[in-house]
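**Student:** Next input, structure requested:
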Amino acid sequence: PPAARRCPKPLKAHTAFEVYNSEFKEPEPIIDSLLYNGLTIFVARPKVGKSWFALQIAIAIANGTSLGGCLRVRKPGRVLYIALEESQRRTAPRLRKLTGLSNSLEKIDFVYEIDPLMTGGALQIDSHLTEYPCVLVVVDTFYAFSRQSERKNVDILQADYNQINTLREICEKHGCALLLIHHARKAPGPGIDVVLGTSGVTAACDHIWVLERKTEGDCLLTITSREIEETVYVMRLESGEPFGWRITGKGVEAELSAERRAIVELLRSEEH
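**Tutor:** Numbers count the residues shown, from 1 in each chain. From the prediction side, this is the model:
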C-alpha cells in the first residue's frame, strides 16, 4: 500500500507515575569523580597538555593505580588509543617519560591509521571492541578523525551531531568510555562555548572537559556532565620526577591562589 496509508508504528508511552517510581543505579566511575562510561569531549587550546593527560589516563587505567596523585582508578582494564596526530616515534618517548616498563603496557593498544569516522572508522572501532573489549577508547583528535575537509554540501550542525552520536552509540553498545580530544576556540568563552564547531558537537555527548591554562603555572579542568555534578580541578604539569599532571585542588580550592593552595597541601601532608 502507499506509504501514506500505512499504519504508523505505535508510540511506547510511560505514565508519569511509572517514571516517578522508576529506580536506576548511580553512574559508576572508571576513575573517581572524573571518568565515566559514555562519550567525553576533552577540549583545550594547543600545547596545553591534553594529549599528555589522555596518555596518563590510559596508563593509569591499564595499571589500575591512581591518576594525578589522588584519583583512584575503580575499573582497570584495556585501552584502545587512536593517535592520529602523532607517530609511534613520538609516542615512545612520551610513554618512557610517564611510566616505567611493565606488563601493564600490554593492555594499551595504539592505532595510528583509521578510516574517516563516518566512512568506515566507526565500524572499525566497533569491530575491534567486539573482539577486544576495552574500558576506554581515546581518539586524538576529533578533527583528524572526522576529516572535516571531506564534508561538503551538508548541514554542518547535523553532520557534527551525527558523528558525535555515532561514537556515543558505540560507547553504549560496548559499555565503555570514549575520550574524544578536541580543539578549543581561540576566543575565550564561558563553559562549553569554547568547544570548536557547531552546537551539534556538544549536543550529543555525555560529558565535556575543558582544560584552561591559568596564571602561576596552573590549569583548571572543568567537568560538565548530563548525570554528575559539575566539578573543577586545579592541575599542574610537573616537569620533574615523577613527570606528568598532578591534581592540586578541587572545587572551592580551584579559586584559591597558588600560595593558599600550597598551605592546604602542606597541612594535608602533615596529617599523614
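**Student:** Over the stretch of helix or strand residue 138 belongs to, what's the mean pLDDT, rounded is fine.
**Tutor:** Secondary structure from DSSP states H and E places residue 138 in strand 136-140. When pLDDT is averaged over strand 136-140, the result is 98.
**Student:** quick one, strands of the stretch 151-272 of the chain?
**Tutor:** Using DSSP state E, counting those that start in this stretch, the strands of the stretch 151-272 of the chain run over 177-183, 207-213, 219-225, 231-238, 244-250.
**Student:** can you check the stretch 1-150 of the chain too?
**Tutor:** Under DSSP E, counting those that start in this stretch, the stretch 1-150 of the chain gives strands at 29-31, 35-36, 38-44, 66-67, 71-72, 79-83, 108-111, 136-140.
**Student:** Out of these, flag the one nearest residue 6.
**Tutor:** For residue 6, the closest of those is strand 38-44, at 34.8 Å, according to C-beta to C-beta. For every residue, glycine as well, the C-beta is placed using N, CA and C.
**Student:** Who are the packing partners of the closest one?
**Tutor:** Based on contacts counted as 3 or more C-beta pairs under 8 Å, 6 or more residues apart in numbering; DSSP states H and E, the elements that strand 38-44 packs against are helix 50-63, helix 156-174, strand 177-183, strand 207-213.
**Student:** between those, which gets nearest to residue 5?
**Tutor:** Of all the helices and strands packed on strand 38-44, helix 156-174 sits nearest to residue 5, with 29.6 Å by C-beta to C-beta.
**Student:** Report the distance from that closest one to the chain centre.
**Tutor:** Centroid displacement of helix 156-174 relative to its chain, using C-alpha atoms, centre = their mean, to the nearest Å, is 14 Å.
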